[in-house]
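In: this one's sequence-less:
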């Protein structure tokens, strides 16, 4: 259970994309611990979606699963329309993302389109679809999960870095556009975070990562989730358009 309780997150309806694994799941579970109504999307595995719903409910929250792929705009629009007919979404975490590391000389156009489409285009379209709902709501907070790679770049990650940098521009523009309606939007930039993927890395590779981090450790999903709880709550009510690094000092 989180050491900090944000009472206004209790029963707050928050959509988290990419919540079935990794950082997204940590965010969803932390929200459930706060008593939030967690909405998440999934693409096809009904059994896995039901299992996640049960898990979120068991730790204190409410849960709803919407079946859509973030790159399928029409299906996403339909699912959101049906859900918001009965519920008012007041929080959004655009977390879904993919990466295919490769040298620019070997870049395939279909890979570029898939990465930009999933990481950037989908976040913009989903936020756009929800914006009319946001205008009728109170205390709306949107979080775009970018990356330190979007700030500093990284070899073999040109499309990924571009998509994450794009999220930052989107965040600032959206924050300015809807600030007068009390809709906030911030971006977070995780650094090296422990996930299922990093657990499979060689120890020497992990140590090489740690050597460039001033705090000398990788972050956890809980670290990222804690920042998201703050940004989704009223505790951050005067913060919008910010780009917050959570990287152990990597990009000082």
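Out: Cool, the structure landed. For clarity, every value in this text was computed on a predicted model and none was experimentally measured.
In: which residues of the stretch 151-252 of the chain fall in helices?
Out: Residue ranges of the helices in the stretch 151-252 of the chain, as given by DSSP state H, counting those that start in this stretch, are 158-178, 196-199, 203-210, 221-232.
In: And the contacts of the last one?
Out: The reference is to helix 221-232. Outside helix 221-232, the residues that touch it by CB atoms under 8 Å, 6 or more residues apart in numbering are 2, 4, 6, 9, 12, 14, 22-23, 25-27, 29-31, 34, 91, 93, 141, 143, 145, 186, 188, 190, 193-195, 236, 239, 244, 246. C-beta coordinates here come from the backbone N, C-alpha and C atoms, glycine included.
In: what about the helices in the stretch 1-150 of the chain?
Out: Going by DSSP H, counting those that start in this stretch, the stretch 1-150 of the chain shows helices at 22-33, 46-58, 73-84, 109-116, 122-135, 149-152.
In: Quick one, which of these gets closest to residue 99.
Out: helix 109-116 (6.9 Å; CB to CB).
In: what packs against that closest one?
Out: With contacts taken as 3 or more CB pairs under 8 Å, 6 or more residues apart in numbering; DSSP states H and E, helix 109-116 sits against helix 158-178.
In: Just want the angle from the helix it packs on to helix 122-135.
Out: Here helix 158-178 points in a direction 20 degrees away from that of helix 122-135 (axes from the mean of the first three to the mean of the last three CA atoms, to 10 degrees).
In: Which elements pack onto helix 158-178?
Out: helix 109-116, helix 122-135, strand 140-145, helix 149-152, strand 183-190, strand 243-246.
In: Residue 208: which of these is closest?
Out: Going by CB to CB, the one of the helices and strands packed on helix 158-178 nearest residue 208 is helix 149-152, 16.4 Å.
In: which of the contacts of helix 221-232 count as buried?
Out: 6, 9, 12, 14, 22-23, 25-27, 29-31, 34, 91, 93, 141, 143, 145, 186, 188, 190, 193-195, 236, 244, 246 (16 or more other CB atoms under 10 Å).
In: Enumerate every residue touching residue 237.
Out: Going by CB under 8 Å, 6+ apart, residue 237 touches 139, 184.
In: Same check on the one 10 residues further on?
Out: Under the criterion of CB under 8 Å, 6+ apart, the neighbours of residue 247 are 148, 189-192, 213, 219.
In: 6 Å - rerun?
Out: Applying CB atoms under 6 Å, 6 or more residues apart in numbering, one finds that residue 247 lies in contact with 148, 191.
In: Out of the helices and strands packed on helix 158-178, flag the one nearest residue 161.
Out: Of all the helices and strands packed on helix 158-178, helix 149-152 comes closest under CB to CB, at 4.8 Å.
In: contacts for the closest one?
Out: Residues outside helix 149-152 that contact it (CB under 6 Å, 6+ apart) are 157, 161, 164-165, 168, 189, 251.
In: taking the helices of the stretch 1-150 of the chain together, which one is wrapped up most tightly?
Out: helix 22-33 (a mean of 24; mean count of other CB atoms under 10 Å).
In: Mind listing residues that contact that one?
Out: Contacts for helix 22-33 (CB under 6 Å, 6+ apart): 1-2, 14, 16, 18-19, 38, 40, 56, 59-61, 93, 95, 195, 221-222, 224-225, 228-229.
In: Write a PyMOL command that selects only the buried members of those residues.
Out: Those of the contacts of helix 22-33 that count as buried under 16+ other CB under 10 Å are selected in PyMOL with:
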select buried, resi 14+16+18+19+38+40+56+59+61+93+95+195+221+224+225+228+229
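In: Identify the residues contacting the residue most central in space within the chain.
Out: The C-alpha lying nearest the average C-alpha coordinate of the chain belongs to residue 95 (CA atoms, centre = their mean; 2.3 Å). When the contact criterion is CB under 6 Å, 6+ apart, the partners of residue 95 are 16-18, 24, 145.
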